[in-house]
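Q: would you be able to build a 3D model of this:
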Amino acid sequence: MKFVIAIGGNAVNRPGEKPSAENMMRNLKETMRYLIDIIKDHSVVITHGNGPQVGNLLLQQEAARDMVPPFPIDVNDAQTQGSLGYMICQTLYNSLIERNVKKEIAAVVTQIVVDPEDPAFQNPTKPIGPFYSEEEAKRIMEEKKWTMVEDAGRGWRRVVPSPIPVDIIEKDVIRFLVDNGFVVIAAGGGGIPVIRLKDGTLKGVEAVIDKDRASSLLAQELDADMFIILTGVEKVYLNFNKPDQIPLDKLTAEDAEKYLKEGHFPPGSMGPKIESAIDFVKKTGKQCLITDMRKLKQALEGKTGTKIVPEV
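A: Next up is the predicted model:
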């Protein structure tokens, strides 16, 4: 079987943890232990987010802007795509050696086309970088003219445009590698956002594409048998974090749309995951699984997790 697996931010950096290379490598080593069983027996493409890493890189560049000119966000997307791709490749390679499994691995720098007229450019929603207190956020917004919002009760973060992905430039390369037995790391951080100019050439834009939306598009392009979104919760909930929260084992794409419209899945949190799952399920007639990476094995056995399924 062929799987596209989107790993969440907890796979790279734990909440409140110092974002050092050592911590990131340690966390990814643990993540690969949960993925290894599915990787050794199936075709797998791994995608990942980069919001915190891009945000931290922007902070570093802001601090040193008098010595080195800051890069635009698309170039920073590419930098973090490369560094995280390297870390995933190495930790996975070492995990495969430990299990005596032979698999070739490749990380593909991936450009993803967005529409320059996408309304997201007028309404930034994608959180990047570290969390701040409300007081710190207001000061930074005044000083740097950033747009910042409160993020799911965890603190305030900078938000940037998050346009919808419409095409993947390197899709044929990724498909070739997967079909020839490679484990592929692709569309990292949602891909590098580019627009297609009238003459057919490409140009980078200042945005961060949601990694789940990009992963859903990639899963469709590769004709994946299942799209898997790994996140920080074991299941999807209605009324999440409220006394009357309800875990969901399985729901149809239609029900998922209904709950989304009712506001159960907020933007910047579970909302884009549900939207991405709905898009994959409706366009392919296949299933999407959402769960915690630690519960992946049990979820694939049908013991936990939330499956978004087509209408019967």
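Q: what residues does residue 23 make contact with?
A: Under the criterion of Cβ atoms under 8 Å, 6 or more residues apart in numbering, the neighbours of residue 23 are 13-14, 17. For the C-beta atoms, the positions are set from N, CA and C on the backbone; glycine is no exception.
Q: any idea which of the residues you listed has the most stuff around it?
A: Compared across those, residue 13 has the highest neighbour count, 21 neighbours, by other Cβ atoms under 10 Å.
Q: okay but that residue is in contact with residue 51, surely?
A: No - at 10.0 Å, residue 13 does not count as touching residue 51 under the criterion of Cβ atoms under 8 Å.
Q: all strands of the stretch 1-150 of the chain, in order?
A: With strands called from DSSP state E, counting those that start in this stretch, the stretch 1-150 of the chain shows them at 2-7, 43-48, 105-107, 111-114, 126-132, 148-150.
Q: out of the ones you listed, nearest to residue 310?
A: Taking Cβ to Cβ, strand 2-7 is the member of the strands of the stretch 1-150 of the chain nearest to residue 310, at 17.3 Å.
Q: what's the longest helix in the chain?
A: If you go by DSSP state H, the chain has its longest helix at helix 73-98.
Q: which strands and helices lie in contact with that one?
A: Contact here means 3 or more Cβ pairs under 8 Å, 6 or more residues apart in numbering; DSSP states H and E; on that basis helix 73-98 packs against helix 21-41, strand 43-48, helix 51-63, strand 105-107, strand 183-185, strand 192-196.
Q: quick one: which of the ones you listed is nearest residue 128?
A: Closest among the helices and strands packed on helix 73-98, using Cβ to Cβ: helix 51-63, at 3.9 Å.
Q: what residues go with each domain of this protein?
A: Using automatic domain parsing, the domains assigned to the chain come out as 2-116+163-309, 126-160.
Q: possible to save the ones you listed as TSV with mean pLDDT?
A: Formatted as TSV, the domains of the chain follow (pLDDT from 0 to 100):
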stretch	mean pLDDT
domain 2-116+163-309	93
domain 126-160	85
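Q: looking at those domains, which is buried most?
A: The highest mean neighbour count among the domains of the chain, using mean count of other Cβ atoms under 10 Å, belongs to domain 2-116+163-309: a mean of 19.
Q: give the closest residue to residue 195 in space, chain neighbours not counted.
A: Leaving out its chain neighbours, the residue that sits closest to residue 195 by Cβ to Cβ, 6 or more residues apart in numbering is residue 116, at 4.6 Å.
Q: what sits closest to residue 167 if chain neighbours are left out?
A: With Cβ to Cβ, 6+ apart as the criterion, residue 167 has its nearest non-adjacent residue at 4.0 Å, and that residue is residue 113.
Q: what bridges to that neighbour?
A: When assigned by DSSP bridges, residue 113 has beta-bridge partners residue 167, residue 194.
Q: list the contacts of it.
A: The contact partners of residue 113, by Cβ under 8 Å, 6+ apart, come to 165-169, 194-196, 202.
Q: any chance of JSON lines for those, columns distance to residue 232?
A: Formatted as JSON lines, the contacts of residue 113 follow (distance: Cβ to Cβ, whole Å):
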{"residue": "165", "distance to residue 232": "23"}
{"residue": "166", "distance to residue 232": "28"}
{"residue": "167", "distance to residue 232": "30"}
{"residue": "168", "distance to residue 232": "26"}
{"residue": "169", "distance to residue 232": "30"}
{"residue": "194", "distance to residue 232": "30"}
{"residue": "195", "distance to residue 232": "32"}
{"residue": "196", "distance to residue 232": "35"}
{"residue": "202", "distance to residue 232": "34"}
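Q: from these, pick the one nearest residue 216.
A: Distance to residue 216 across the contacts of residue 113 (Cβ to Cβ) is lowest for residue 165, with 8.5 Å.
Q: which SS state does residue 157 fall under?
A: strand (DSSP: H, G, I helix; E, B strand; the rest coil).
Q: wait, it sits on residue 149?
A: Yes - counting by Cβ under 8 Å, residue 157 touches residue 149, with 6.9 Å between them.
Q: give the residues shared as contacts by these two.
A: residue 127.
Q: apart from its chain neighbours, what residue comes closest to residue 43?
A: residue 2 is the one closest to residue 43 (Cβ to Cβ, 6+ apart), at 4.3 Å.
Q: which residues touch the one you found?
A: The contact partners of residue 2, by Cβ under 8 Å, 6+ apart, come to 42-45, 178, 222-225.
Q: how about residue 180?
A: If a contact means Cβ under 8 Å, 6+ apart, then residue 180 has no contacts.
Q: how close does the residue nearest to the spatial centre of the chain get to residue 272?
A: For the chain, the residue nearest the mean C-alpha position is residue 211 (3.0 Å; Cα atoms, centre = their mean). As judged by Cβ to Cβ, to the nearest Å, residue 211 and residue 272 stand 9 Å apart.
Q: I am finished for the moment; much appreciated.
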